[in-house]
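[1] Need coordinates for the below:
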Amino acid sequence: MKILYIDPIFGISGDMMISALIDVGLPFEEIERVLSSIPLPLPAIVPAKAQQGIIEGIHLEIGESDIHLSPGEMEGLIEGLLVEKKIKDDAKTMLDLIVEAESKVHGVPKGSVHLHELSHIDTLIDIVSVAAGIHYLGIDKVYTGPIPHGRGTIKTAHGIMPNPPPATLEILGGYKTVFLDVSLELTTPTGATIVKHYAKDPGRMPPVNIHRIGYGLGSYVTDKPDALRVFIAETASAEPLSDSEVWVIEADLDDMEAEYIGACAERMRKEGALDVLYFPVYMKKGRIGIRLSLTVPDELLDHLVDVVFSETTTFGMRLRMDGRRVLRREVKTIETNYGPVRIKYGYDGKGDCVKTHIEFEDIIHVADEKGIPYRVLLDTLKKELERPLNKLK
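    The predicted structure follows:
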């Protein structure tokens, strides 16, 4: 599997991403081919070798243009491109992410959004070129490092804005962020959109073999290199296992009514906990208590800490970050003598199916409907499905 890792050393913008893709092996002629089907006078675009400190990379020099487009006009131009459907679909999805973010931060319907500076034709060039580049390079999956932002305020054509812009923060909700002590717009809404669309898995990148490295250089001059770095790599396996970082919340309870523990655990699962366990422990003075243990995603940590405080008697809890690795999963529906049931398949790092599981909810539903004991139905379905399951593996 071919992986692209985005390493935003000093931020990410659309032109920096294009530059990095060119530096890592994308022929500029491919971008020219794709952009040539836009029926508008495009600004001159020239990729040039440049250097910042000890880093050498590509800087994209884009000429002046006074062409501004509405979201609808951009979508129409993308649809009219004489390119592969995947490129058009990716470009349209990125445009929709921008429009949706602007709609939320300005409190207007998506159909009434005005993109201000993002209406410039550069936005169209950026999203179409990046979509074309990632398609050309045959990237299967994209990961990203933490996204850097500046502080304070920035000056735009429409006045002073907080840094980072509200639309950028809206797009990057759920992604790891770092703030640098500079009054510069390090990550643009277009750069944020590229990350959001392609780097859908916020987990850690699996072990890889790095083949190529590219740098896209911006135009800021500071004591830090204004550079975006990308890696093209191959995973050691056909289908890498899914790795992610999770939080573990633990609380020891010795003064809570036991009958409420199960109900609280179920509520915590509904609130987004990946797993909730509770088991007896020996506490001080020989008292028997209950240890409550939750596994939660990073973005829900604060929320579930509040849930634990509100639902239990604890005055404190322990927090630690753990790694989590899961098999790639796929659910298929199979017809049986008792009706359709869903089967979950688990695939290892080689892409081999190593286990199957009949969905619990389907067993309960069918058994209740047919008036069959749960265990009897489960054993019967296992025997009936043994041959079809082996075929589907």
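
[2] I'd say Leu35 and Asp126 touch.
    No: in this structure, Leu35 is not within contact of Asp126 by C-beta atoms under 8 Å, at 10.8 Å. The C-beta positions use only the backbone N, C-alpha and C, and glycine is treated the same way.

[3] More neighbours: these two, which one.
    More neighbours surround Asp126 than the other of Leu35 and Asp126, with 27 against 18 (other C-beta atoms under 10 Å).

[4] From Lys284, how far out is Thr39?
    Actually, residue 39 is Pro. It isn't Thr. Going from Pro39 to Lys284 by C-beta to C-beta, to the nearest Å gives 77 Å.

[5] Would you map the helices across the stretch 51-200 of the chain?
    Counting by DSSP state H, counting those that start in this stretch, the stretch 51-200 of the chain has helices at residues 71-79, 85-106, 121-136, 166-171, 189-198.

[6] Make CSV out of the ones you listed and add mean pLDDT and distance to Ile55.
    Listed next are the helices of the stretch 51-200 of the chain as CSV, based on pLDDT from 0 to 100; distance: least, C-beta to C-beta, whole Å:
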stretch, mean pLDDT, distance to Ile55
helix 71-79, 92, 33
helix 85-106, 91, 27
helix 121-136, 95, 20
helix 166-171, 91, 24
helix 189-198, 96, 18
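
[7] right, and those helices - which one's nearest Arg342?
    Counting by C-beta to C-beta, Arg342 lies closest to helix 85-106 out of the helices of the stretch 51-200 of the chain; the figure is 28.4 Å.

[8] who does the closest one touch, helix- and strand-wise?
    Judged by 3 or more C-beta pairs under 8 Å, 6 or more residues apart in numbering; DSSP states H and E, helix 85-106 is in contact with helix 71-79, helix 121-136, helix 166-171, helix 189-198.

[9] Excluding its own residues, what touches it? List them.
    Residues outside helix 85-106 that contact it (C-beta atoms under 8 Å, 6 or more residues apart in numbering): 34, 71, 74-75, 78-79, 81, 109-110, 112-115, 118, 123, 127-128, 130-132, 134-135, 166-168, 170-171, 189-190, 193-194, 196-197.

[10] got it, and stretch 210-218?
    Around stretch 210-218, the neighbours that count as contacts under C-beta under 8 Å, 6+ apart are 10-11, 13, 15-25, 50-52, 55-60, 225-234.

[11] These in helices, which ones?
    Secondary structure from DSSP state H places 15-23 of those in helices.

[12] got TSV for the residues you listed, with neighbour count too?
    Conversion of those to TSV gives the following (neighbours: other C-beta atoms under 10 Å):
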residue	neighbour count
Asp15	27
Met16	32
Met17	27
Ile18	28
Ser19	28
Ala20	30
Leu21	28
Ile22	21
Asp23	23
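
[13] Determine which two of those residues are furthest apart.
    So, the ones in helices among the contacts of stretch 210-218 by C-beta to C-beta: farthest apart are Asp15 and Asp23, at 12.6 Å.

[14] from memory Leu4 sits against Tyr136, does it?
    No: Leu4 lies out of contact with Tyr136 (C-beta under 8 Å); the separation is 11.8 Å.

[15] what's the closest of the helices and strands packed on helix 85-106 to Leu319?
    helix 166-171 (24.8 Å).

[16] If we go by neighbour counts, what in the closest one is buried?
    For helix 166-171, the buried set under the neighbour-count rule, 16 or more other C-beta atoms under 10 Å, comprises 167-171.

[17] Then stretch 219-226?
    Buried residues in stretch 219-226, defined by neighbour count with 16+ other C-beta under 10 Å: 220, 224-226.

[18] which of the residues you listed lies closest to Pro207?
    Distance to Pro207 across the buried residues of stretch 219-226 (C-beta to C-beta) is lowest for Pro225, with 27.1 Å.

[19] Tell me which residue of the protein is furthest from the middle?
    Within the chain, Lys285 marks the point farthest from the mean C-alpha position, 47.6 Å out by C-alpha atoms, centre = their mean.

[20] so how far is Met317 from it?
    As judged by C-beta to C-beta, Lys285 and Met317 stand 21 Å apart.

[21] same thing with Glu73?
    Applying C-beta to C-beta, the value for Glu73 to Met317 is 53 Å.

[22] just to revisit the earlier point, okay, the helices and strands packed on helix 85-106 in JSON lines with distance to Glu359 next?
    Formatted as JSON lines, those follow (distance: least, C-beta to C-beta, whole Å):
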{"stretch": "helix 71-79", "distance to Glu359": "39"}
{"stretch": "helix 121-136", "distance to Glu359": "35"}
{"stretch": "helix 166-171", "distance to Glu359": "35"}
{"stretch": "helix 189-198", "distance to Glu359": "31"}
